[in-house]
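Visitor: Next comes the sequence, and after it the predicted model I'd like to discuss.
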Amino acid sequence: MREFFRVLLLILLVIASAFAQGVGLSVFGIRLNLVLVVIIFIALKEDVLISILAAVCAVFVLKPGPAIDLPITLLGISGPFTSITRRFLPWQEPVVYLALIVFMTFVLYFASSIDLLLSMVFLREVLANIVTGVVFFAIFSGAWHNA
C-alpha cells in the first residue's frame with residue numbers, strides 16, 4: 001500500500017510539472033523544462049517501469065492529441081534512457097543527474113532545431129535547467145531517503 005501511494009505521488013508530481021510547463025512557466029523569459037528535470041530525477045531514484053510510467057503521463061499531459069512529435073517522443077524516452085544509463089556512469093548521483101539534464105536538453109534542442117544550439121537561448125535554458133535541477137535535487141533527494 002505504501003508503494004502505491006509513493007507511485008501516485010510521483011505521478012502527481014509529473015502531472016503538476018507538465019501542467020506548469022504546458023502553461024508556459026518561465027523565469028526571466030527563460031522557459032523551464034520542469035518535466036525533464038522531474039523525469040530524470042524519478043528515473044535516477046526509481047526503477048525502469050516507474051520511469052516509463054512517469055514519462056508516459058508527462059507526454060499525455062503535454063501533448064494530449066493523437067500526433068506526437070519528435071521532441072515529445074524524446075522527452076518520453078528520457079526516463080527509461082536515464083534508468084538504463086545511470087548504471088554505467090561512474091560519477092556520484094548528483095553529477096549524473098546534472099550531466100543527464102544537460103545531455104537531454106542538448107538532445108531535445110538538436111531534435112527541435114539545430115540552429116538553436118548555437119544561440120543564447122540554448123545556453124540560457126541549459127543553465128535554467130541546471131539551476132532547477134539543483135534546487136529540485138536538494139529539496140527532494142532528502143525526502144526520498146526518508147520515504
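Guide: Arrived safely.
Visitor: what's the pLDDT at the most centrally placed residue in the chain?
Guide: The C-alpha lying nearest the average C-alpha coordinate of the chain belongs to residue 36 (CA atoms, centre = their mean; 1.8 Å). For residue 36, the model assigns a pLDDT of 92.
Visitor: same check, this time on residue 143
Guide: What the model reports as pLDDT for residue 143 is 67.
Visitor: Repeat that for residue 20.
Guide: What the model reports as pLDDT for residue 20 is 88.
Visitor: OK, contacts around it?
Guide: Taking CB atoms under 8 Å, 6 or more residues apart in numbering, we find residue 20 in contact with 32, 34. The C-beta positions use only the backbone N, C-alpha and C, and glycine is treated the same way.
Visitor: nearest spatial neighbour of the residue nearest to the centre of the chain, skipping sequence neighbours?
Guide: residue 104 (5.7 Å; CB to CB, 6 or more residues apart in numbering).
Visitor: for residue 69, same thing?
Guide: Nearest residue to residue 69 in three dimensions, chain neighbours excluded: residue 63, at 7.4 Å (CB to CB, 6+ apart).
Visitor: For the one you found, grab the count of nearby residues.
Guide: Residues contacting residue 63 under the criterion other CB atoms under 10 Å number 18.
Visitor: My guess is it contacts residue 70. True?
Guide: No. With contacts counted by CB atoms under 8 Å, residue 63 stays clear of residue 70, the gap being 11.3 Å.
Visitor: And residue 63, how far from residue 101?
Guide: For residue 63, the distance to residue 101 equals 21 Å [CB to CB, to the nearest Å].
Visitor: Please apply the same query to residue 89.
Guide: From residue 89 to residue 101 the distance is 13 Å (CB to CB).
Visitor: between these two, which one's more packed in?
Guide: Shown here are residue 89 and residue 101; by other CB under 10 Å, residue 101 has more neighbours (25 against 13).
Visitor: Report whether the expected contact of the more buried one with residue 130 is present.
Guide: Yes. Using CB under 8 Å, residue 101 is in contact with residue 130, at 6.3 Å.
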